[in-house]
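J.: Quick one, what's the 3D model for this:
(2 chains)
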Amino acid sequence: MLLRLQGLHPFNPNGMDGMEPTLTFNTVISFITNTNLQHYSGESALSYFSQMAVIMMMMFTSAATGFSVAIAFIRGLTSRGEAIGHFFEDFVKAHTRILLPASFVITLVLVALQVPQTLDPTLTVKTLEGASQQIAIGPVASLESIKHLGTNGGGFFGVNSAHPFENPNPLTNVIEILCMWALPAALPYTFGRFAKSKKQGWVIFSAMMVLFLICLTTVYTAEKAGNPVFDGLGIDASQGSMEGKEVRFGIAGSALFTAVTTAATTGSVNNMHDTLTPIGGLVPMAEMMLNVIFGGKGVGLINMLMYAILAVFLCGLMVGRTPEFLGRKIEPREVKLIAVAILAHPFVILAPTALALMTGAGQAGITNPGFHGISQVLYEFASSAANNGSGFEGLSDNTTFWNVSTGLVMLLGRYVSIIAMLAVAGSLLGKKPVPDTLGTFRTDNALFTGLLIGTVLLIGALTFMPAVALGPIAEYLTIR
Amino acid sequence: MRTHALPAASNNESKSGGSIVWQALRSSLVFIVLCGIIYPLVSTGAAQLLFPDQADGSLVKDGNGQIVGSALIGQPFKDPEYFQGRVSSIDYNAAGSGSNNYAPSNPALLDRTKASISQWKTENPDVPVEQLPIALITNSGSGLDPHITPQSAAVQIPRISKLTGLDEAELKLLVEANTEGRSLGLFGEIRVNVLKLNLQLAERLESKSAASNMKG
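T.: Numbers count the residues shown, from 1 in each chain, chains lettered A, B, ... in the order given. Presented below is the predicted three-dimensional model:
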């Protein structure tokens, strides 16, 4: 509503008009589900009032919702027969004790480091050469802090954290990376505390960390190696693939941001993922397809625990031990629910991708020829389903087809797995704890960390390999 | 969103559906006001009070106090007497932001790069193309990159020296004066701010022409 009636807002110095209906549909779902996929450019489509009262507000609440669900899930797994908590209490506390104070402090730090925060309209300046230059500006810093703390990722400007106002120097780059990283990475530890076994928390954390380091190394190496297409031109290409990247961040700052933003399901970008080299672009795609490496507010932990239960189940079957996790028996009901959640994710990515590639309305959005076009579509739906929100931004996605399809995928991607996993938590909660015996399969040691990583890679690779082979891998082979 | 997550909370609640909806609506209103209005306005007030220059966009003024742009936003420099920034397909129009988003395999990327190289060759006949760094002829992510690499500045010195008559050594010093190091000596890349560099270059040229006018 607020977006449609934008023409009437206060704080609208640049005179933005109301938003088109399907785009509004997409935008609202996008921010409510913590996805922050943006089919608009903030500087040219939103009033300051929309940026504040709609976008910033939803950034807070969707992050707090994710937190509350994660905590409810953890309580379900760990508490001994107590309730899984009160949603409103967790929800309000997440705001008042964590998100609001932290955002305010980080906003001021960012402003000190040159991120603008003003209600003045777009500036017009006379450049050194005497031409006229317009510079869009606004309350950027206050959005920037919650965007990363809440792992939301929707930028004030169209190019997100690549814009010099959103991310003016390497120091703000590091602060933004830490902000989106800190809270999701802290959740495995929280889990360990609730489970009264810190070791269990560290097992989950190390599994995430190992997968993350593999991803980071791959994207850095691929980008540093550069684009082989430029090899014959005789220029100095030793810096790596700089297309779509900012000089102040270089390859290292860009690669780190890319690996973290898709791991933490933030979806903000400081370089254009569409221009990444094929293997470099494969990494963020894979992180969103697995959707377990740290993850946004709670989602990554929930998914990782889902894989942990699955790993227990598989290994328990193989070695003939009773499948138990945290002293609770894993039975057909839980495994069925987990199967629903695990299958839902690839389904809402691959089915719409196939649909988009077959229909004219879907194909119309593709802007890069060849195999990269498939990657663009695949990335868009992976990003929607994983509630990440970054994009291969070349895709012309502000059309009815793309607004509606990705809107639905975002809804399904977020809520199907949340509902299934809360049902698992509820069902485990009702069970009588079984005491640890010699026959219990241990889940808090290095062996289990390895098994967990194996389960994630095996299931992820098997599901997505064919699609990935058609997109990035085929592109890699053509320009090699 | 809240109604979706409610089953979790309501498992152990004896509340009727109506009161939960009312609770959800009421908290929505509270959070719109708290997070959507009070938070950004208080932040703006505090930012304007504590760091007014940064909060207004780090604007840069010339010798006469005239605003010539923002230190953070690149500008198009067409005149070959100036140092030039990176190729921008939006021509540094900061009302928006963006780039072509060409995939590495897109033939248009190769064509655009070849065109930039041949333009470079005509404008800089004295510098071998092997020294042309890739960063200078690629698009940045934002299309507004205010920086170039030190090497990108160094390869432009011979051209500018020839056109302006300024000493190469003097230009080198100018570049060094406008070079920013890594943050905390660790993060990011060494870079040159093009607008600040050109501002000083323009002042240097003005005082030089004033001096030669005095003599004449």
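J.: Smallest distance to chain B belongs to which residue of the stretch 101-250 of chain A?
T.: In the stretch 101-250 of chain A, the residue found nearest to chain B is residue A:170; the distance is 2.4 Å by Cβ to the nearest Cβ. Placement of C-beta: from N, CA and C, glycine included.
J.: per-residue pLDDT, the closest residue to that residue other than its chain neighbours?
T.: Residue nearest to residue A:170 in three dimensions, not counting chain neighbours: residue B:188, with 2.4 Å by Cβ to Cβ, 6 or more residues apart in numbering or on different chains. You'll see residue B:188 listed with a pLDDT of 86.
J.: How about the one 3 residues further on?
T.: In this prediction, residue B:191 carries a pLDDT score of 94.
J.: neighbours of the residue of the stretch 101-250 of chain A closest to chain B, just the number please.
T.: For residue A:170, the tally of surrounding residues (other Cβ atoms under 10 Å in any protein chain shown) stands at 24.
J.: Please verify my assumption that it contacts residue B:182.
T.: Yes: counting by Cβ atoms under 8 Å, residue A:170 does reach residue B:182; the two are 6.6 Å apart.
J.: Quick check: neighbours shared by the two?
T.: B:188, B:189 (Cβ atoms under 8 Å, 6 or more residues apart in numbering or on different chains).
J.: Now do the phi/psi pair for the residue of chain B found nearest chain A.
T.: At 2.4 Å from chain A, residue B:188 is the closest residue in chain B, using Cβ to the nearest Cβ. With angles defined as degrees, to the nearest 10, residue B:188 sits at phi 80, psi -170.
J.: quick one, what contacts it?
T.: Contacts of residue B:188 (Cβ under 8 Å, 6+ apart): A:169, A:170, A:171, A:173, A:248, A:249, A:250, A:253, B:182.
J.: if you set the cut-off to 6 Å instead, what comes out?
T.: A:170, A:248, A:253, B:182 (Cβ atoms under 6 Å, 6 or more residues apart in numbering or on different chains).
J.: Which residue comes closest to residue A:42 once chain neighbours are left out?
T.: Closest residue to residue A:42 in three dimensions, ignoring its sequence neighbours and counting by Cβ to Cβ, 6+ apart: residue A:156, at 4.9 Å.
J.: Point me to the helix or strand that includes residue 189.
T.: Since no chain was named, I'll use chain A. Assigned by DSSP states H and E, residue A:189 belongs to helix A:170-194.
J.: how close does the residue of chain B closest to chain A get to residue A:76?
T.: Residue B:188 is 43 Å from residue A:76, where distance means Cβ to Cβ, to the nearest Å.
J.: where in the stretch 251-400 of chain A is pLDDT low?
T.: A:296-298 (pLDDT under 70).
J.: Residues of it that sit close to chain B?
T.: Neighbours of chain B within the stretch 251-400 of chain A, by Cβ under 6 Å from any Cβ of the partner chain: A:253, A:271, A:272, A:274, A:277, A:368, A:370, A:372, A:393, A:394.
J.: Farthest-apart pair in those, please.
T.: A:253 and A:370 (29.2 Å; Cβ to Cβ).
J.: between these two, which one's more packed in?
T.: residue A:253 (23 against 16).
J.: Please report phi then psi for the more buried one.
T.: phi -60, psi -30.
J.: Taking the stretch 251-400 of chain A, what residue is nearest to chain B?
T.: residue A:394 (3.3 Å).
J.: tell me the contacts of that residue?
T.: A:274, A:367, A:368, B:101.
J.: ok, now residue A:295?
T.: Going by Cβ under 6 Å, 6+ apart, residue A:295 touches A:184, A:265.
J.: Give me the three-state assignment for it.
T.: The local conformation at residue A:295, judged by DSSP: H, G, I helix; E, B strand; the rest coil, is coil.
J.: for the helix or strand hosting residue A:454, packing partners?
T.: Assessed by DSSP H and E, residue A:454 sits inside helix A:446-468. Contact analysis of helix A:446-468 by 3 or more Cβ pairs under 6 Å, 6 or more residues apart in numbering or on different chains; DSSP states H and E lists helix A:198-225, helix A:278-290, helix A:299-319 as its packing neighbours.
J.: Just say which of the ones you listed is most tucked in.
T.: helix A:278-290 (a mean of 26; mean count of other Cβ atoms under 10 Å in any protein chain shown).
J.: so what does it touch, helix or strand wise?
T.: So helix A:278-290, by 3+ Cβ pairs under 6 Å, 6+ apart, packs with helix A:198-225, helix A:250-263, helix A:371-385, helix A:446-468, helix A:474-479.
J.: What about contact with chain B: does the shortest one have any residue there?
T.: The one in question is helix A:474-479. Yes: Helix A:474-479 reaches chain B (Cβ under 6 Å from any Cβ) through A:475, A:479.
J.: buried set for that helix?
T.: Buried residues in helix A:474-479, counted by 16 or more other Cβ atoms under 10 Å in any protein chain shown: A:474, A:475, A:476, A:479.
J.: Enumerate every residue touching the second one.
T.: Contact criterion Cβ under 6 Å, 6+ apart gives A:278, A:371, A:372, B:105 as the residues in contact with residue A:475.
J.: would CSV of the helices and strands packed on helix A:278-290 with distance to residue A:414 be doable?
T.: Formatted as CSV, these follow (distance: least, Cβ to Cβ, whole Å):
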stretch, distance to residue A:414
helix A:198-225, 20
helix A:250-263, 16
helix A:371-385, 9
helix A:446-468, 19
helix A:474-479, 30
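J.: can you tell me the helix or strand for the residue of the stretch 251-400 of chain A closest to chain B?
T.: Here residue A:394 is assigned to no helix or strand, by DSSP H and E.
J.: Return the distance of it relative to residue A:479.
T.: 17 Å.
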